[in-house]
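> mind folding the following:
(2 chains)
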Amino acid sequence: MLLEARNLHIGYGDAPAVWDVSLDVDGGEIVSVIGPNGAGKTTLINAIAGMLRSRRGTLRFDGADMTRVSAHAYCGHGIALVPEGRRLFAKMSVEENLELGCYLPAARVARAQSLDRVYGLFPILRDKRRQLAGELSGGQQQMVAIGRALMARPRIVLFDEPSLGLAPTIVDDMFEIIARVRAEGAAVLLVEQNVLKALEIADRAYVLEQGRIVAQGLPADLLKQPQIREAYLGV
Amino acid sequence: MPSATLLGQALISGVLAGGLYGLLAMGLSLSWGLLRLVNLSHFALAFLAAYLVYELGTNYHVEPWWSAALIVPAMFAIGVAQHWLFDKFKVNELASLLITFSFAIILEVGIQLYWTADFRRYETEYATRSLKAGPFYIPILDLTLCLVAGALAWGTWLWLRCTYVGKALRAAAEDPGIAAAYGVDHKKLAYLLSGIGAAYAGIAGTFIALIATLAPAQIWAYLGVVFAVVIIGRLGNPLGALLAGLLIGASESIAMAVLAPAWAPVVSFSVLIAILLWDPEWL
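Below is the predicted model of the structure:
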């Protein structure tokens, strides 16, 4: 297993937002976590990215225990986050945002190669590379956020609500990009409210409700469960 | 209306005096803009450095440039130590204002105990030298100060723009969490930046020793105008700080020549308010 979360309890302040969550992602897999707003999806993915500490449980990545690893060292292990709301460095140029992705020495040596790859994936970003990231459209900002993650040459990319706030046509593009990220060798952990899309693309999926995993399995099997169809697809 | 020569001389003196504003503003602007710490003790550190240059020069006959070579690294260490305290007590923007204010008071009292409240003047041969360009005089020391300030501002700006460390600092100022997720160890970089800010105070202090008369209460003399300069120059922008310093210096000096010396303090804040109201795109 590439990523192994066992019995994670994560919370802000007194109230844990995620209880006893176990989750696996194998190399080259796309795993989706679906669930309603406020279920703890972002909390979970932030903990896996190292931005939040879990209070209990273990997180292992490629065999290494990540529990004691400091936040800024997660990236060096090969974990890259495409955060909710993109969280670009708005006052920095597009290219500077991408360069922050390869801040660590191991990724930095491949800067030119990685930039070519990202600009190949998103040609529009090459034209806009001197522009401030904050001035781009939502879709373009999402491209920068994904590009920044790819610059780190990650082994797993964590996507947090990548389709949120994007025009429907761009949403399709985003999912295509996610599929390509996997095709190029990285595993993907995807957290989404767009349930149909997230299940369509995934190899396996988890359903997170009120901080707990309530169902897991193959997307096709989950789609057959009446309570999931009712809750998420409205049919 | 004063003569053109007088106005020209006022402009030159003002721009040169503005170099000191810019130099003092740079360190303040860096820590305020990039670390969200408002370091009021910056002025006290500059004066501590100035007194040390004075002391070494007057009592031990050490050339000011050699003193600076000693004092500036020491200031860097003080900056690092200061940040250790900020870090340990998780100081935020407002708290930093209060804490560094008390630092400044402590330093002021310390300076007063050792050097007394008397005015001190470090006499050097440099103070009287100047270049003559047509009808205008350009004091060598002020010119050197401006060149040093210019080189530092330009160098620091390039450092922030073009190096990974500089970019990481700017990124962490915008979103420390995401910067960390991409491997930026903000804590370590913050120590470096605090050291650099304090070292700049040391450089400014060296020049203060050479061109100004020292008294403990003078620590506060630059506070208002340098704050205006920091804000006009945009937080975290060393080049902006220097340009704003030159602008304010020149405006003050022109106001003194055209109106009356008493008008000088009004100028910096009038320029600040005017620029904030105007709100130009580059700000």
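> mind listing the residues bridging to residue A:21?
Beta-bridge partners recorded for residue A:21 (DSSP bridges): residue A:8.
> from memory it sits against residue A:214, does it?
No. Applying CB atoms under 8 Å as the test, residue A:21 and residue A:214 come out as separate, 10.7 Å apart. Just so you know, the C-beta spots here come from the backbone N, C-alpha and C atoms, and that holds for glycine as well.
> now for those two: what residues contact both?
Shared between the contact lists of residue A:21 and residue A:214 (criterion: CB atoms under 8 Å, 6 or more residues apart in numbering or on different chains) are residues residue A:208.
> tell me which stretches of chain B form strands.
Taking DSSP state E to define them, one finds strands in chain B at B:130-133, B:136-139.
> closest to chain A out of the ones you listed?
strand B:136-139 (37.5 Å; CB to the nearest CB).
> how about the CA coordinates for the closest one, as PDB?
Below are the C-alpha coordinates for strand B:136-139, written out as PDB (Å, rounded to 0.1, in the frame of the first residue of the first chain):
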ATOM      1  CA  PHE B 136      25.400  72.300  -5.500                       C
ATOM      2  CA  TYR B 137      27.200  70.500  -2.700                       C
ATOM      3  CA  ILE B 138      26.800  66.800  -2.200                       C
ATOM      4  CA  PRO B 139      28.100  65.600   1.200                       C
END
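> what helices or strands is that strand leaning on?
When contacts are defined as 3 or more CB pairs under 8 Å, 6 or more residues apart in numbering or on different chains; DSSP states H and E, strand B:136-139 sits against helix B:4-35, strand B:130-133.
> so which bits of the first one are buried?
Neighbour counts using 16 or more other CB atoms under 10 Å in any protein chain shown place B:8-35 of helix B:4-35 among the buried residues.
> count of neighbours near the residue nearest to residue A:161 when sequence neighbours are not counted?
If you skip the residues right next to it in sequence, residue A:161 has residue A:84 as its closest partner in space, 4.7 Å away by CB to CB, 6 or more residues apart in numbering or on different chains. Residues within reach of residue A:84, counting by other CB atoms under 10 Å in any protein chain shown, total 18.
> again with residue A:71
21.
> my guess is it contacts residue B:181. True?
Yes. With the criterion set as CB under 8 Å, residue A:71 and residue B:181 qualify as a contacting pair; they are 6.9 Å apart.
> report all helices and strands that the lengthiest helix in chain A contacts.
If each helix of chain A is counted by residues according to DSSP state H, the longest one is helix A:168-183. Contact analysis of helix A:168-183 by 3+ CB pairs under 8 Å, 6+ apart lists strand A:30-34, helix A:138-151, strand A:187-192, helix A:195-201 as its packing neighbours.
> so for chain B, which of the ones you listed sits nearest?
Chain B lies closest, by CB to the nearest CB, to one member of the helices and strands packed on helix A:168-183: helix A:138-151, at 7.1 Å.
> is the closest one anywhere near chain B?
Yes. Counting by CB under 8 Å from any CB of the partner chain, chain B is contacted by helix A:138-151 at residue A:148.
> make sure residue A:24 is indeed in a strand.
Yes. Assignment of residue A:24 by DSSP: H, G, I helix; E, B strand; the rest coil places it within a strand.
> for it, give its distance to residue B:272.
Using CB to CB, to the nearest Å, we find residue A:24 at a distance of 58 Å from residue B:272.
> returning to that earlier point: I'd guess the residue nearest to residue A:161 is in a helix, am I close?
No. Counting by three-state DSSP, residue A:84 falls outside a helix, being coil.
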